[in-house]
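>>> Below: sequence and its predicted model.
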Amino acid sequence: MNITVEDVRQVWEGRDGSNLVALDGFTHTFKSGRFSCILGPSGCGKSTIAQIVGGLETPTSGKVTIEGANKAGSASVMVWQSQNLFPWRTVIDNVAFGLEMAGVQKAERADKARVLINSVGLTGFERHYPSQLSGGMRQRVALARALIMDRPILLMDEPFGALDAQTKIVMQEELMRIFDETKKTVIFVTHSIDEAILLGDEVIVMTARPGRIKEVLAVDLPRPRSVEMISTPKFGALFDRAFHLIRDEVTKAMQEQNVAAGAAS
Ligand SMILES: Nc1ncnc2c1ncn2[C@@H]1O[C@H](COP(=O)(O)OP(=O)(O)O)[C@@H](O)[C@H]1O
Ligand SMILES: [Mg+2]
């Protein structure tokens, strides 16, 4: 399912009535079965574009077309940094939630949930509550809850952003394995250069606000990927290129924030 984003512009209205251009002229085709990473400084509109593709927001102008989907949002499912698990539901009931909403019978949804719980390595924790799990485990539950919907498009907005470095690596490896198995179309938002290159088939580098595409880097590292690839020359060259592109944008974003802070004080 190719996702075509054409000339998307998003203007947010601030509380004081002023307009903020979050995205401007964003045009890209996210190819079916490809892992695309969106990389950019904080506030450049990464979450905004993910939400627009997921049908959670309607762009001010421009168009998103999802090949073969009749309704925006029906082809995709989203995973966020904050997992938004229901604290009063067990792991299995959190994972099965979407199927429950879809009216799937209890036995069937429990069976499916167990398969997904197993695929994210949480077998044995079905009856635990979110508060009894570590951050990494909760993020696995969130991933299983998204994967159970079996939508062709997986949207991930900094899903590992709150995890410690070691847990993050384990989760990245898990996601790479799941991607190789399921071949979904993935749009993965991150501000981490390493993560974008390690996971992506392409890295879409964005400019500071208003967010546009600065450059698209093709990542020709072989799959299956592994964290060890970070130390290869090819990875290093891609990192340098991405870093060079993003450094100017981060500086620009920081300057803008300073100006805004100055104006506010
Ligand atoms: N719902 C909203 N209403 C008003 N402003 C918003 C809204 N969502 C995001 N913004 C603003 O739009 C800009 C881009 O936000 P976002 O897409 O969240 O950036 P990123 O995910 O790259 O950090 C930011 O300045 C943010 O404050
Ligand atoms: Mg964001």
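Received, thanks. Numbering: from 1, shown residues only. Ligands and ions are numbered 1, 2, ... in the order given.

>>> quick one: residue 97 and residue 145 touch, right?
Yes. Between residue 97 and residue 145 there is a contact under CB atoms under 8 Å: 6.3 Å. Every C-beta, even on glycine, is put in place using the N, C-alpha and C of the backbone.

>>> Those two: which has the busier surroundings?
Per other CB atoms under 10 Å, whichever of residue 97 and residue 145 has more neighbours is residue 145, with 26 against 18.

>>> what about that one, distance to residue 130?
11 Å (CB to CB, to the nearest Å).

>>> likewise residue 9?
For residue 9, the distance to residue 130 - CB to CB - is 38 Å.

>>> Likewise for residue 34?
In this view, residue 34 and residue 130 are 32 Å apart by CB to CB.

>>> tell me which element residue 77 falls in.
For residue 77, the element it lies in under DSSP states H and E is strand 76-79.

>>> does any bit of that strand sit next to ligand 2?
No. Judged by CB under 5 Å from the ion, strand 76-79 stays clear of ligand 2, getting no closer than 12.0 Å.

>>> Does ligand 1 have contacts with that strand?
No. Contact of strand 76-79 with ligand 1 (CB under 6 Å from any ligand atom) is absent, the minimum separation being 13.0 Å.

>>> Show me which residues of the protein sit near ligand 1.
Contacts of the chain with ligand 1, taken as CB under 6 Å from any ligand atom, map to 12, 20, 22, 40, 42-48.

>>> If any of those residues are buried, put those into a ChimeraX selection.
Filtering those down to the buried ones (16 or more other CB atoms under 10 Å) takes a single ChimeraX command:
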select :22,40,43,44,45,46,47,48
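
>>> Could you tell me which of the residues of the chain next to ligand 1 belong to strands?
Counting by DSSP state E, those place 12, 20, 22 in strands.

>>> would you list these in a markdown table and tack on distance to residue 238 and pLDDT?
Formatted as a markdown table, these follow (distance: CB to CB, whole Å; pLDDT from 0 to 100):
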| residue | distance to residue 238 | pLDDT |
| --- | --- | --- |
| 12 | 32 | 93 |
| 20 | 32 | 92 |
| 22 | 27 | 94 |
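
>>> Which parts of the stretch 51-200 of the chain are strands?
61-66, 76-79, 153-157, 185-190 (DSSP state E, counting those that start in this stretch).

>>> Great, nothing more from me.
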